[in-house]
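Novice: Using only what follows, build the 3D model:
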Amino acid sequence: MSESAKVAPAQQPEPWLRGTLTEVQPVARAVLHALELAKEDAHRWCDPLAGADFDARPLELPSIAFHLRHIVRSCDRLLTYAEGNQLSGAQIAMLKTEMEADAGREALFAEFERGLEDAAKRVRALGAGDLSQPRFVGKKQLPATVAGLLVHVADHTQRHVGQLVTTAKILLAQGAR
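Specialist: Got it, this is the predicted structure:
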């Protein structure tokens, strides 16, 4: 990695190792820690990048802009199901715009951070209830539970953060700044 592509190492343990959120039930706590780590990793790897880099698609990978949008919009959709609701027309319309370019760095991070804050509030509320309640996902009404949906919020978020970090590392190695 070139000198310009270096990213500062994490200064503290990952959120789940900090002894925080002990007042929250374990499943919800794990989800909240995953959301916190997502925010930290996105900033750690994307802060060195220029605005245009957010729409770049090295090796035809999905852009960082896509991942930032998709993370919070998918959290919104999954939490809607966990709350016992179906998706609204607005949520479906937003899904169709996740790959769009030219949102701008500030707007992307503003949506990302607002989305994570909203998701955290909803996770706290859901985590205080009965996690074994049945839920149904999508038009096909596929079976799930509140707990299953909460866990999927965490693992889906981290999957896309990993992809975002990979894209950022490629851009940094190519000299993007």
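Novice: only C-alpha atoms for contact and neighbour calcs from this point on.
Specialist: Fine.
Novice: And Val153, how close does it get to Ile64?
Specialist: Separation of Val153 from Ile64 (CA to CA, to the nearest Å) stands at 19 Å.
Novice: and Met1, what pLDDT?
Specialist: If you check Met1, the pLDDT there is 39.
Novice: name the element Ile170 belongs to?
Specialist: helix 146-173 (DSSP states H and E).
Novice: Tell me which other helices or strands that helix touches.
Specialist: Where contact means 3 or more CA pairs under 8 Å, 6 or more residues apart in numbering; DSSP states H and E, helix 146-173 is packed against helix 26-46, helix 64-82.
Novice: got the contact list for the spatially most central residue of the chain?
Specialist: Note on the chain: the residue nearest the mean C-alpha position is Ile71, at 3.3 Å, using CA atoms, centre = their mean. Shown in contact with Ile71 (CA atoms under 8 Å, 6 or more residues apart in numbering): 112, 156-157, 160-161.
Novice: what does Glu60 give?
Specialist: Counted by CA under 8 Å, 6+ apart, Glu60 has zero contacts.
Novice: how much space between it and Ala119?
Specialist: 30 Å.
Novice: Lys169 against Trp45, yeah?
Specialist: Yes: using CA atoms under 8 Å, Lys169 makes contact with Trp45 at a distance of 7.4 Å.
Novice: so which strand or helix has Phe136?
Specialist: Phe136 belongs to strand 134-137, assigned by DSSP H and E.
Novice: ok, and what's touching that strand?
Specialist: The contact list for strand 134-137 (CA under 8 Å, 6+ apart) reads 81-82, 84, 86, 142-146.
Novice: which among these end up buried?
Specialist: 81-82, 86, 144-146 (16 or more other CA atoms under 10 Å).
Novice: Let's have those in TSV, adding pLDDT and distance to Glu106.
Specialist: Output for the buried ones among the contacts of strand 134-137, formatted as TSV (pLDDT from 0 to 100; distance: CA to CA, whole Å):
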residue	pLDDT	distance to Glu106
Tyr81	98	29
Ala82	98	30
Gln86	96	30
Ala144	98	35
Thr145	98	35
Val146	98	33
